[in-house]
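Asker: Fold the following, please.
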Amino acid sequence: MTTQLDEQTERADAPEPAAPPRAPRITPVEWLRTPRPPLRLSRPVSLALGAAGVVALAIVPFVNPSWINLHVALVLIFAIVAMGLNLLVGMGGQVSLGHAAFFAVGAYTTAVVGAAGVPAVATLPLAGAVAFAIGWLFGIPALRLQGLQLGLVTLALALVTPPAIRQLDEITRGSRGIGIDGDPPAGVPLDQDQWVYLLALLVFVLAWVVTARMARGRIGRAFVAIRDAELVAETLGVAVQRTKVRLFATSAAYAGVGGGLYAMLLEFIGPENFGLTLSISFITMIVVGGIATVPGAVLGAAFVQAVPAIAGEIDPAAAGFTYGVVLLLFVFFVPFGLIGVIRGALAPLVDRVPWLRPRRLR
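Answerer: Modelled structure (predicted):
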């Protein structure tokens, strides 16, 4: 009896077990500003999602009016440019505010060579090659600079592009502009907007595959090494200057091909199409979508195309204001872009569903 009383007394005097610590609560702003790794999806799931996306995009031009095809095709074209710019800025750490110049080079290459009788679609590789060559020549001296100095040099390139187009009147027809035949080849049963849309989709898919493989491969690792520690990369045997010039030229080639598609889509271009605003839009794409991410380029291109259009329909005077406010909100509160928000929202689902993850992570 005494033993039982002693045991009850000891249990009564014993301290209660401590409650498990609660996870710290984070505010919505902290959640938005939290960096997140890429979603680890299994290869079959990634391929299935990619195939479904391509099929859905391929159906768009056949079920929508031409004005919708125009807007979606512009998103695809801008996404191609943003992928190349993301390689340069996100992976290479080099600032460029002048990609509208290479975009213009590609557009005018398609227009001028097409006016000589070459089919417009055949001019796209040439547009990329000319932009690559000019990007290489410009990059040799420019990439000896860094940071703000490099940004100012590329900004000057963007500022000088429209006046240069006007001065080269014999080639570009100056302020009068130049027309492009963007119609499909004979025997292809497609309208002009459908033809250019599907061509842009094909180039977009190729650019996605090439960019993703480049980012994961040896070249991508060299780009990241130069961005993070240039001196260490050089010590490890990376040809820093040559790699930086190659990266700049490759990024310019993306812009050149995008410019050629842009000319085919609009069928008329002039110097006012390639001002500083366009270069700023390209930078906006990668900031809003997510720097150093391939899907972020697509999200950023959709943002740049959709937000001003929607705001302009509500109030034409408010389009620029809305664009600027949204951009400021992203810079301050969503520094990792839309892709960071999507990763944060989908990560719990991927963690809970085993078959979505690679086999080694299940």
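
Asker: From here on, just use CA atoms for contacts and neighbour counts.
Answerer: OK.

Asker: Residue 179 bridge partners, please.
Answerer: When bridges are called by DSSP bridges, residue 179 pairs up with residue 268.

Asker: Closest to the centroid, which residue in the protein?
Answerer: Centroid check for the chain by CA atoms, centre = their mean gives residue 297 as the closest residue, at 2.1 Å.

Asker: Just to check, that one is in contact with residue 87?
Answerer: No - proximity of residue 297 to residue 87 does not meet the contact threshold set by CA atoms under 8 Å, at 10.3 Å.

Asker: low pLDDT regions in the stretch 201-350 of the chain?
Answerer: Counting by pLDDT under 70, the stretch 201-350 of the chain contains low-confidence residues at 311-320.

Asker: ditto for the stretch 1-150 of the chain
Answerer: Along the stretch 1-150 of the chain, the parts satisfying pLDDT under 70 run over 1-24.

Asker: Spatially nearest residue to residue 256 (excluding sequence neighbours)?
Answerer: The shortest distance from residue 256 to any residue other than its chain neighbours is 3.8 Å, reached at residue 106 (CA to CA, 6 or more residues apart in numbering).

Asker: what's the one you found sitting at in phi/psi?
Answerer: For residue 106, the backbone dihedrals are phi -60, psi -40 (criterion: degrees, to the nearest 10).

Asker: Count the neighbours of it for me.
Answerer: As a burial measure, residue 106 scores 33 neighbours (other CA atoms under 10 Å).

Asker: again with residue 168
Answerer: Residue 168 sits with 12 neighbouring residues when counted by other CA under 10 Å.

Asker: That one: what's it in contact with?
Answerer: Listed by CA atoms under 8 Å, 6 or more residues apart in numbering, the contact partners of residue 168 are residue 174.

Asker: if I look at it, how far off is residue 161?
Answerer: 11 Å (CA to CA, to the nearest Å).

Asker: go on, residue 109?
Answerer: 14 Å.

Asker: Look up the closest residue to residue 247, ignoring the ones flanking it.
Answerer: Setting aside the residues directly before and after it, residue 247 is nearest to residue 88 in space (CA to CA, 6+ apart), at 6.2 Å.

Asker: how about the helices in the stretch 1-150 of the chain?
Answerer: When secondary structure is read from DSSP state H, counting those that start in this stretch, the stretch 1-150 of the chain shows helices at 2-13, 28-32, 43-63, 66-86, 99-115, 124-142, 147-167.

Asker: now the fourth one against helix 99-115, angle please.
Answerer: To tie it back to what came earlier, the one meant is helix 66-86. Orientation note: helix 66-86 sits at an angle of 120 degrees relative to helix 99-115 (axes from the mean of the first three to the mean of the last three CA atoms, to 10 degrees).
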